[in-house]
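> Predicted model and sequence below, questions to follow.
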Amino acid sequence: MFPWDKDELNPEQETAILRPGSVFLVACPGSGKTRTLTYKIAYELSRLASKKQFVVAITYTHRAADEIHERIEDLGVDTSQLWIGTIHSFCLEWIIKPYGIYHDALKNGFRVIDQHEREKILEQLCAPYKKPKITFWDCDFYFTATRYILGCQQEWKHDGLHEILEKYFTILQENRAIDFEFILFYAYQLITDRPVISKILSQLFAFVLVDEYQDTKQIQYSIITSILKASQGTTKAFIVGDPNQAIYQTLGGYPMAYNEFKMLAGIEIDELELSKNYRSSERIIDYFGNFNVHATKIESASKDKTYESLITFNAAVSKDDLEDELIRLIRFSIETAGISPNEICVLAPQWVHLASMTRRLVASMPEYSFDGPGMVPFARDTENFWYKLSKVALTQASPSMYVRRLRWAGDILKDLEMVGASTSGLTRKSLLRECNAIQIDEQDGLAYLRTFFETIFSRLSIDYKLFPLLQEHHNAFFESSQARIDRLTKEGTAFIADIDAFRKVFQTRTGITISTIHGVKGAEFDTVIAYALLEKMVPHFNDPNGQESAMKMLYVIGSRARKHLHLISERGRKQFSGDDYVATIKLAQCKFSYDQIP
């Protein structure tokens, strides 16, 4: 049985972990949700009665999956019976790959296209649509059980979008290709049309854990609850999230209510909560509590609960002076407030707002480095073989990285075996030794990776060009990576092509983080600086749940901060109509005693 000391968990966390049945857990920000999930997984792994059973954990991002996996390994727990990953990876691994032969669209083979290829196809299809102008960014969609739903709320574009997507679906079908939305749709169809799949999986899974349930789509809920229902109560569930942080509703995510989940799953499930916030000062919690839509209970429990946090709101600065204001706040945070650069985050609603600003900040503050997912120089297609290999290629051998790199090596070997490459005599350790022995003197990041890939396969005596899937992945990785570098270079970040920028992708953050509001969810910083908090940006102009969404976005922004929070609704940004954007209504209406920084 997995043990822990009494001071490692609070009573709420311990109750949730030790509850023998299924649990529906509402966790406020900073409540130790990841720790609770980690200990719950470790606890259930230690209680497995059969070597043929698994604990399955479904996370919203691969980053979250890696973090939880590593924490469990750090606890000294055997993870050989743990499967952890995103819902898309889950559907591929457990439903589509083993049972795809029973689906007409999959039975003759398939490949998953990456975001770059998807974007390229849709851009070509959108090109003729000039009145109304339709772009790739309008083409988001998601599936329900019976049809697809457009993400674009501009109804005058819908006829054109339906025509474009029908052509897109035909191209996928003709090329036996699927994208991420079709992964979910086909998995749902398989598990619905063949109930035996749910039955088999329910016998394999002792426990199913779902993180960030508030961002889950209806079709995803249906897949999970189908497995739970088939188990007739033998497969337990641990469902965790915060309905106040449901900011993906325009993409189909929504926080299913406890009673609705219980009814769909057909199981007994206890509703519990984590209400103690260990992250933020009491003042920060009081502030973002103004945007608490679902009346989640939040109690300050941080060691810095009495910290004298600065919370500012600037609705007077002009767009032309915004760069100077951001620099002033960053310098104040570092030089006066004593905040480390890697504990500062600059946020905006969309990357279009951040691209040029990031370039200007980098140029104006050369003494500091900047990190952020928007500054990743190569394609982050987590299912691509060469992306997986790049993680080993771009990280240094060190004691702190050993377990992580060993797991990555295992993923690489598994993919090689799947395509039919001979890996006899290779182990995870021997593969790492071969990788560690490669020395390359090359400053261009893509050239470095090309050389590394050719060298490692030469050392392994494997010709990857003999395997069509590896060759397809190779072409997609370098084509999409080059396109990404070209775009970022055009935006002014010429350094992005250097090997140092490549290596930073898999390092612990070292500089000031630049991110969108959506991209920062799950992270925390001592100081958060958010700008472009403007009506029709926060919330987005085509969001049908506008004011509620604005509340949730502001809640997410505020709850990322430990110590200081700076909010900006700059003047002078023009709408397409020519009118000025105004401050986000819910922010402007919030009555609070804001601070002033001289």
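Yep, it's here.
> what about stretch 458-471, average pLDDT?
If you average the pLDDT over stretch 458-471, you get 94.
> So what touches that stretch?
Contact with stretch 458-471 is made by 111, 385, 416, 419-422, 426, 431, 434, 437-438, 453, 457, 474, as judged by CB atoms under 8 Å, 6 or more residues apart in numbering. From N, CA and C alone the C-beta is placed, and that goes for glycine too.
> Among the residues you listed, which lie within strands?
Secondary structure defined by DSSP state E assigns Arg111 of the contacts of stretch 458-471 to strands.
> which among the contacts of stretch 458-471 end up buried?
Among the contacts of stretch 458-471, those buried by neighbour count (16 or more other CB atoms under 10 Å) are 111, 385, 416, 421, 426, 431, 434, 453, 457, 474.
> Could you measure from the closest residue in space to the fourth one that isn't next to it in sequence over to Thr455?
Spelled out, that is Ala421. Using CB to CB, 6 or more residues apart in numbering and skipping residues adjacent in sequence, the residue nearest Ala421 is Ile462, 5.4 Å away. Separation of Ile462 from Thr455 (CB to CB, to the nearest Å) stands at 12 Å.
> now do Ala230
Per CB to CB, Ala230 is found 48 Å from Thr455.
> of the contacts of stretch 458-471, the lowest pLDDT goes to which?
Arg111 (87).
> doesn't the residue nearest to Ala421 fall inside a helix?
No: applying DSSP: H, G, I helix; E, B strand; the rest coil, one finds Ile462 to be coil, outside a helix.
> Next, count neighbours for it.
By other CB atoms under 10 Å, 17 other residues sit near Ile462.
> how about it, phi and psi?
Phi and psi for Ile462, reported as degrees, to the nearest 10, are phi -120, psi 130.
> State the distance from it to Ala397.
For Ile462, the distance to Ala397 (CB to CB) stands at 22 Å.
> ditto for Phe313
47 Å.
> Same drill for those two, tell me which one is more crowded.
Phe313 (19 against 13).
> Could you verify that the more buried one is part of a strand?
Yes: counting by three-state DSSP, Phe313 falls inside a strand.
> ok, what's across the strand from it?
Leu567 (DSSP bridges).
> who's in contact with it?
Neighbouring residues of Phe313 by CB under 8 Å, 6+ apart: 567-569, 587, 592, 594.
> Now do it, the pLDDT please.
98.
> Okay, it and Glu570: tell me how far apart.
12 Å.
> Can you name the helix or strand that Phe378 falls in?
Under DSSP states H and E, no helix or strand contains Phe378.
> Please tell me how far the residue nearest to Ala421 sits from Ile456.
On the measure of CB to CB, Ile462 and Ile456 end up 9 Å apart.
> Over to Glu535?
Distance of Glu535 to Ile456, computed by CB to CB: 52 Å.
> Point out where the stretch 351-500 of the chain drops to low pLDDT.
Flagging of the stretch 351-500 of the chain using pLDDT under 70 yields the residue ranges 373-375, 492.
> Spell out, range by range, the strands that occur in it.
370-371 (DSSP state E, counting those that start in this stretch).
> One more: the stretch 101-250 of the chain?
Under DSSP E, counting those that start in this stretch, the stretch 101-250 of the chain gives strands at 111-112, 141-143, 148-150, 177-178, 205-210, 236-241.
> where along the stretch 401-550 of the chain do the helices fall?
402-419, 428-436, 445-459, 468-490, 499-504, 546-559 (DSSP state H, counting those that start in this stretch).
> how far does stretch 33-51 sit from the chain's center?
The chain centroid and the centroid of stretch 33-51 are separated by 22 Å under CA atoms, centre = their mean, to the nearest Å.
> Can you show me the CA trace of it as PDB?
The C-alpha trace of stretch 33-51 is given here as PDB (Å, rounded to 0.1, in the frame of the first residue of the first chain):
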ATOM      1  CA  LYS A  33      -5.200  19.300  -7.400                       C
ATOM      2  CA  THR A  34      -2.200  17.900  -9.200                       C
ATOM      3  CA  ARG A  35      -0.800  16.600  -5.900                       C
ATOM      4  CA  THR A  36      -4.100  15.000  -5.100                       C
ATOM      5  CA  LEU A  37      -4.300  13.300  -8.500                       C
ATOM      6  CA  THR A  38      -0.700  12.100  -8.200                       C
ATOM      7  CA  TYR A  39      -1.300  10.600  -4.800                       C
ATOM      8  CA  LYS A  40      -4.600   9.100  -5.900                       C
ATOM      9  CA  ILE A  41      -3.000   7.400  -8.900                       C
ATOM     10  CA  ALA A  42      -0.100   6.100  -6.800                       C
ATOM     11  CA  TYR A  43      -2.500   4.900  -4.200                       C
ATOM     12  CA  GLU A  44      -4.700   3.000  -6.700                       C
ATOM     13  CA  LEU A  45      -1.600   1.600  -8.500                       C
ATOM     14  CA  SER A  46      -0.500   0.100  -5.200                       C
ATOM     15  CA  ARG A  47      -3.900  -1.500  -4.700                       C
ATOM     16  CA  LEU A  48      -4.300  -3.200  -8.100                       C
ATOM     17  CA  ALA A  49      -5.300  -6.800  -7.600                       C
ATOM     18  CA  SER A  50      -4.200  -8.100 -11.000                       C
ATOM     19  CA  LYS A  51      -1.200  -7.600 -13.300                       C
END
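> That one: which residues count as buried?
33-45, 48.
> and those, which two are the farthest apart?
Largest separation among these by CB to CB: Lys33 and Leu48, giving 23.1 Å.
> which residues sit in contact with the residue nearest to the spatial centre of the chain?
Taking CA atoms, centre = their mean, the centroid of the chain lies closest to Thr61, which sits 3.5 Å from it. Residues counted as contacts of Thr61 (CB under 8 Å, 6+ apart) are 86, 522.
> any idea how far it is from Leu565?
Thr61 is 24 Å from Leu565, where distance means CB to CB.
> and if you look at Ile113?
Separation of Ile113 from Leu565 (CB to CB) stands at 40 Å.
> mind checking which helix or strand Pro3 is in?
Counting by DSSP H and E, Pro3 is part of no helix or strand.
> so what's the backbone phi/psi at it?
phi -100, psi 160.
> From Ala42, how far off is it?
According to CB to CB, Pro3 stands 10 Å off from Ala42.
> Can you pick out the most distant pair from the contacts of Phe313?
Across those (CB to CB), the longest gap, 14.9 Å, separates Ile568 and Phe592.
> Which residues are in contact with Leu45?
Counting by CB under 8 Å, 6+ apart, the residues that Leu45 touches are 2, 55, 72, 77-79, 81-82.
> what's the burial count for Ile298?
Residues near Ile298, counting by other CB under 10 Å, number 23.
> Pretty sure it sits against Cys28.
Yes: when contacts are counted by CB atoms under 8 Å, Ile298 is listed as touching Cys28 (4.5 Å).
> Span of stretch 458-469 from start to end?
Stretch 458-469 stretches 18 Å from its first residue to its last (CA to CA, to the nearest Å).
> again, but for stretch 22-34
Stretch 22-34: ends 18 Å apart by CA to CA.
> check which helix or strand covers Val55.
Assigned by DSSP H and E, Val55 belongs to strand 54-59.
> hey, C-alpha coordinates of the helix or strand just after that strand in CSV?
Later in the chain than strand 54-59, the nearest helix or strand by DSSP H and E is helix 62-74. Taking C-alpha atoms only, helix 62-74 is exported to CSV below (Å, rounded to 0.1, in the frame of the first residue of the first chain):
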residue,chain,number,x,y,z
HIS,A,62,0.6,16.3,-22.7
ARG,A,63,2.5,18.7,-20.4
ALA,A,64,0.1,17.8,-17.5
ALA,A,65,0.5,14.1,-18.3
ASP,A,66,4.3,14.3,-18.2
GLU,A,67,4.3,16.3,-14.9
ILE,A,68,2.0,13.8,-13.1
HIS,A,69,3.9,10.8,-14.5
GLU,A,70,7.2,12.2,-13.3
ARG,A,71,5.8,13.1,-9.8
ILE,A,72,4.5,9.5,-9.4
GLU,A,73,7.9,8.1,-10.5
ASP,A,74,9.6,10.5,-8.0
